[in-house]
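In: Build the 3D model from these lines:
(chains A and B)
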Amino acid sequence: EDKVVQSPLSLVVHEGDTVTLNCSYEVTNFRSLLWYKQEKKAPTFLFMLTSSGIEKKSGRLSSILDKKELFSILNITATQTGDSAVYLCAGLETSGSRLTFGEGTQLTVNP
Amino acid sequence: DTAVSQTPKYLVTQMGNDKSIKCEQNLGHDTMYWYKQDSKKFLKIMFSYNNKELIINETVPNRFSPKSPDKAHLNLHINSLELGDSAVYFCASSQDGREGYTFGSGTRLTVV
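Out: As a prediction, this is how the structure comes out:
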């Protein structure tokens, strides 16, 4: 059975701190690793990582995939209170039919 | 315009009732999904449909029956609702997962 594990499950930081969220995966017929941000409602897409070692960046957020170690990290620099959310990591299998999620990391950024 | 829309947003009902949740996507995607998010925020796939054909059916009680009248719609009907069915149900769509999945805003189902 496919499995995605995220750590830490919960993180509390102060504004301006840098955080690193971790994600390990065991996905049969793995194709890509996805990161989502979930505030109150729908998960919103952040990154899709398919190739190993290539960093993707969007503003203060960046992410990288290690397909040898079956691992990905999401970095957020200079955190802001608006970054407070649950960050979800998910493994996509080859056909695109199944996206398996981890439990998520609850990030709280205090002023 | 909303890309993936679900109705209703909230649903409170008594045990034993039958209810439906509707989902529509206007992205032209071929594949649609239902996910259940429990109180611990864990998102688990329930069903996946590609061009109206069921391709994934996880271990879900047969009280849950998805129906896809066309590739833009995927509805979820639930019979004989139980307390444990209380959760947020998300609909999503993708084009073979190529650019990730797009999620609807969720339906919070509370069974009392």
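In: Residues of chain B that sit close to chain A?
Out: B:4, B:31, B:33, B:40-45, B:48, B:50, B:55-56, B:90, B:94-106 (C-beta under 8 Å from any C-beta of the partner chain). All C-beta atoms are positioned from the backbone trio N, CA, C, and that covers glycine.
In: residues touching B:S105, list them.
Out: A:41-42, B:2, B:5-6, B:9 (C-beta atoms under 8 Å, 6 or more residues apart in numbering or on different chains).
In: can you pull the pLDDT of it?
Out: Among the per-residue scores, B:S105 shows a pLDDT of 94.
In: what secondary structure does it sit in?
Out: Here B:S105 is recorded as coil under DSSP: H, G, I helix; E, B strand; the rest coil.
In: Which single residue of chain A ends up nearest chain B?
Out: Nearest residue of chain A to chain B: A:G96, at 2.6 Å (C-beta to the nearest C-beta).
In: just to revisit the earlier point, from the contacts of B:S105, list the buried ones, please.
Out: Neighbour-count burial (16 or more other C-beta atoms under 10 Å in any protein chain shown) is assigned, among those, to A:42, B:6.
In: Of the contacts of B:S105, which is the nearest to B:I78?
Out: B:Q6 (13.9 Å; C-beta to C-beta).
In: still on that earlier bit, which secondary structure state is assigned to the residue of chain A closest to chain B?
Out: Classified using three-state DSSP, A:G96 is coil.
In: tell me the phi and psi of it?
Out: phi 80, psi 0 (degrees, to the nearest 10).
In: Neighbours of the closest residue in space to it that isn't next to it in sequence, how many?
Out: In space, not counting the residues next to it along the chain, A:G96 is nearest to B:G97; the distance is 2.6 Å by C-beta to C-beta, 6 or more residues apart in numbering or on different chains. Neighbours of B:G97 under the rule other C-beta atoms under 10 Å in any protein chain shown: 21.
In: Next: the one 5 residues further on.
Out: In terms of burial, B:T102 registers 19 neighbours under the definition other C-beta under 10 Å.
In: can you pull the contacts of it?
Out: Going by C-beta under 8 Å, 6+ apart, the list of residues near B:T102 reads A:45, B:3-4, B:25, B:27, B:29, B:92-94.
In: what pLDDT does the residue nearest to A:G96 get?
Out: 77.
In: Surely it and A:T100 touch.
Out: No. Judged on C-beta atoms under 8 Å, B:G97 makes no contact with A:T100 at a distance of 11.8 Å.
In: which ones are touching residue 63?
Out: Defaulting to chain A. A:35, A:46-47, A:49, A:55-56, A:72-75 are the contacts of A:S63 under C-beta under 8 Å, 6+ apart.
In: nope, chain B please
Out: Contacts of B:R63 by C-beta under 8 Å, 6+ apart are B:78-82.
In: could you redo the last one with a cut-off of 10 Å?
Out: When contacts are counted by C-beta atoms under 10 Å, 6 or more residues apart in numbering or on different chains, B:R63 touches B:18, B:77-82, B:85.
In: Could you list the contact residues of chain A toward chain B?
Out: A:2, A:9, A:31-32, A:34-36, A:38, A:40-48, A:86, A:88, A:90, A:92-104, A:106 (C-beta under 10 Å from any C-beta of the partner chain).
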